[in-house]
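Undergrad: Prediction below, plus the sequence it came from.
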Amino acid sequence: MFGIGGGEIVGLLLLAVVLVGPDKLPQFSSDFARLIRKVRDIAQGATSDLRDNLGAGYEDLKVTDLHPKKFITKHINEALAEPTAQIQELKKSAKIDPDLL
C-alpha cells in the first residue's frame, strides 16, 4: 500500500503518538479514517460519472487505463494486432501455384 513497509508504518504510528498525544490519538484516527472514506467515495463517484459521460464502449473503464503510458501502449498493441490477424487470414487462404515451383 503506497510503497510503505511494516517498519515505516510502525514509525509513523510512533510519530503520531508523539505529535498528537495518546489522549487525542483515537479521535484523530477516527477523523482520519472518515477523511479517507470520503476521499475514496469522491474518487469512485468521479470514476462512475466519467463512465456515464463517456457513453457506450467504456463500461469496463478503469482509472489505470487512463495513464498515458498504458493508454498509448494499449492502442499501439491493438493497431499492431489488427494487421497480424489479417496476414494470418491471408496466409491460410493463399495458395502457391504449382507451375511456379
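TA: That came through, no problem.
Undergrad: Now do the lengthiest helix in the chain: distance to the chain's middle.
TA: Criterion DSSP state H: the longest helix present in the chain is helix 25-54. Centroid displacement of helix 25-54 relative to its chain, using Cα atoms, centre = their mean, to the nearest Å, is 17 Å.
Undergrad: if you average pLDDT over that helix, what comes out?
TA: Mean per-residue pLDDT for helix 25-54: 88.
Undergrad: which secondary structure elements does it contact?
TA: Other elements packing on helix 25-54 under the criterion 3 or more Cβ pairs under 8 Å, 6 or more residues apart in numbering; DSSP states H and E are helix 6-20. From N, CA and C alone the C-beta is placed, and that goes for glycine too.
Undergrad: nearest spatial neighbour of the most centrally placed residue in the chain, skipping sequence neighbours?
TA: By Cα atoms, centre = their mean, the chain has its centre lying nearest to residue 64, at 2.3 Å. Excluding the flanking residues, the one nearest residue 64 by Cβ to Cβ, 6 or more residues apart in numbering is residue 70, at 6.5 Å.
Undergrad: distance of the one you found from residue 51?
TA: Taking Cβ to Cβ, to the nearest Å as the measure, residue 70 falls 17 Å from residue 51.
Undergrad: Over to residue 11?
TA: Computed as Cβ to Cβ, the residue 11 to residue 51 distance reads 39 Å.
Undergrad: Also residue 17?
TA: 42 Å.
Undergrad: likewise residue 20?
TA: Counting by Cβ to Cβ, the gap from residue 20 to residue 51 is 39 Å.
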